[in-house]
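K.L.:
Coordinates for the following, if possible.
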Amino acid sequence: MEKIQKICFLSIGLLLGSLAPLYGKTFNYFLLSVILFCAITNWNMFIQNVKEGKGYILIFVIYFLYISLQTLFMEWRSEITDKPYYGVFEDILLNFILVPVYITTLRKWLTPRLLELFLLFFCIGCLLMNIYITYDLLQARALTNPRTAIEFLYSSRFGDNKWSFLGGNLFLEPQTLYIALTALISYFMIFIKQHRGMKILYGIMFLFLVIFLSFTVTKAGILAFFIGFMIANLYIFKQSSLRTHLAILVGLLLFIGGLLVFNSSNEKYGERTEEIIREVENVKKGIYTGGTIAPRIGFIRESFIHADEFAIWGLGIYAKNRVKDWLVNSDAGLDVFTNVHNSFIHYWIQGGIIGLGIIIFLFAVPFYRMWKNKRFSCLIISLTTIIFIMNNTSILLALNNTRLMILFMLSLFYFYSDIFVQMEKTIITKSTQS
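P.N.:
Numbers count the residues shown, from 1 in each chain. Below you'll find the model as predicted:
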């Protein structure tokens with residue numbers, strides 16, 4: 001039975017990087033079936049594992065109960081303006097509670113080797129999905145005129161938001177988050193793996209994923225990846241040999257130089273750079289219209305203007321119409337939006353102090369566990385940094401494309417930070433042998 005559970009775990013890694021972004025709701029039920037299998041095959045072990053993680057799970061149970069009672073209270077007072085619909089309470093239950101429960105079931109058999117395989121399948125899944133997206137966008141165009149094809153990928157921002165793609169919807173920001181995470185994992189694993197063939201495989205995946213990331217022309221995603229990338233390199237540089245130091249320095253110079261040259265020669269990046277400069281100047285004048293930085297600053301500004309309406313108790317999970325009214329009627333000249341493009345403020349608006357607290361808890365508790373154990377994982381720190389930055393520019397923790405994956409990763413970071421540390425010891429071991 002343990003072998004089947006390991007196969008399911010690796011399958012989840014592959015699907016999490018490929019199809020889960022498209023079929024988030026369906027993937028919930030696949031994960032539920034795996035949990036039911038674990039519970040049925042070894043009930044006593046299942047209960048023991050859940051009890052060991054009960055403190056973490058209980059936090060999300062409290063959040064679920066609060067949101068439920070809040071909604072009932074608001075319905076009683078006729079304060080809900082939106083029509084109730086399927087996929088709100090169910091998603092909270094299946095993601096915030098189901099995912100941590102599943103993660104606790106890994107306790108008895110998760111090893112550094114198995115974790116490496118999970119991350120490998122996660123990266124392969126993301127790579128294959130984006131290769132298919134590239135093919136779907138270009139088809140024969142890449143063979144007849146490669147230069148035009150590449151220019152199209154940049155001008156279209158890798159297809160932007162993809163509606164009805166393979167029967168699902170894939171938004172640009174979630175796609176960018178997946179690419180950024182898997183690119184960083186691929187890079188980090190180059191220094192962990194000892195087998196030359198695996199190093200080459202991870203190197204190829206890293207190269208392709210970075211190219212795919214550049215196609216998105218998403219500033220938050222590229223900035224988040226770059227910061228996570230620098231954190232990883234500082235750690236690898238500190239732990240590795242002199243020869244690796246030189247290789248990293250040369251690689252970084254080529255990487256940064258390539259980005260600068262490419263940024264100056266690519267028309268789309270030039271447009272986005274000019275747009276940023278223009279919007280920064282507009283913000284100084286109190287103008288918040290635009291497509292990048294300005295409206296996001298305007299969203300935050302408008303949220304704090306109305307903070308007295310939600311700061312303590314929140315406005316409930318059906319608050320999007322209220323938020324839409326704020327933004328439409330704002331003196332900042334904002335367009336029609338239904339959210340504030342910030343996960344922290346989004347959950348604060350919905351759940352008040354408890355909603356904000358639950359998101360802070362999610363990001364803080366893995367660091368608390370590492371600080372308590374005095375054992376820090378650079379990979380966890382780098383990946384969490386990427387997730388944190390991108391959640392401050394989009395409501396990724398509220399989208400079906402990404403919510404399950406983020407909760408899965410952050411729960412994995414909390415419960416098994418020691419296994420990540422063990423996996424990273426390979427870098428230290430190789431440096432001492434050199």
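
K.L.:
Wasn't residue 371 part of a helix?
P.N.:
Yes - assessed by DSSP: H, G, I helix; E, B strand; the rest coil, residue 371 belongs to a helix.

K.L.:
How many neighbouring residues does it have?
P.N.:
10 (other C-beta atoms under 10 Å). Yep, even glycine has a C-beta here, placed from its N, CA and C like the rest.

K.L.:
element containing the nearest residue to residue 118 once chain neighbours are set aside, please.
P.N.:
In space, residue 118 comes closest to residue 13 once its chain neighbours are excluded; the distance is 4.1 Å by C-beta to C-beta, 6 or more residues apart in numbering. Secondary-structure assignment from DSSP states H and E places residue 13 in helix 2-17.

K.L.:
got it, and residue 90?
P.N.:
Going by DSSP H and E, residue 90 is in helix 89-91.

K.L.:
next helix or strand past that helix?
P.N.:
Remark: after helix 89-91, the chain's next helix or strand is helix 98-104, criterion DSSP H and E.

K.L.:
Show me the contact partners of that following helix.
P.N.:
28, 31-32, 34-35, 38, 49-50, 52-53, 56-57, 60, 404, 407-408, 411-412, 415-416 (C-beta atoms under 8 Å, 6 or more residues apart in numbering).

K.L.:
one more time with 7 Å, if that's ok
P.N.:
Identification of contacts with helix 98-104 by C-beta atoms under 7 Å, 6 or more residues apart in numbering yields 28, 31-32, 34-35, 49-50, 52-53, 56-57, 60, 404, 407-408, 411-412, 415.

K.L.:
helix or strand right after that helix?
P.N.:
The first helix or strand that comes after helix 98-104 along the chain, using DSSP H and E, is helix 112-138.

K.L.:
And that following helix, what does it pack against?
P.N.:
Secondary-structure packing of helix 112-138 (3 or more C-beta pairs under 7 Å, 6 or more residues apart in numbering; DSSP states H and E): helix 2-17, helix 172-192, helix 196-216, helix 417-433.

K.L.:
check contacts around the residue nearest to residue 118.
P.N.:
For residue 13, the contact set (C-beta under 7 Å, 6+ apart) comprises 118, 121-122.

K.L.:
redo that, cut-off 8 Å
P.N.:
Counting by C-beta under 8 Å, 6+ apart, residue 13 touches 117-122, 125.

K.L.:
hmm, back to that, winner for burial among the helices and strands packed on helix 112-138?
P.N.:
Highest mean neighbour count of those: helix 172-192, a mean of 25 (counted as mean count of other C-beta atoms under 10 Å).

K.L.:
Need the pLDDT of the residue nearest to residue 118.
P.N.:
Looking at residue 13, its pLDDT is 95.

K.L.:
next one: the one 3 residues further on
P.N.:
Looking at residue 16, its pLDDT reads 93.

K.L.:
That one reaches residue 406, doesn't it?
P.N.:
No - if you go by C-beta atoms under 8 Å, residue 16 and residue 406 don't touch, sitting 10.7 Å apart.

K.L.:
quick one on the thing from earlier: and the residue nearest to residue 118, how close does it get to residue 319?
P.N.:
Plainly put, residue 13 is 34 Å away from residue 319 if you go by C-beta to C-beta, to the nearest Å.

K.L.:
Just the buried positions in the helix or strand containing residue 296, please.
P.N.:
Element membership for residue 296 (DSSP H and E) is helix 293-305. Going by neighbour count (16 or more other C-beta atoms under 10 Å), the buried part of helix 293-305 is 293-300, 302-303.

K.L.:
what does stretch 94-110 give?
P.N.:
Within stretch 94-110, the residues that qualify as buried are 94-106, 110, counting by 16+ other C-beta under 10 Å.
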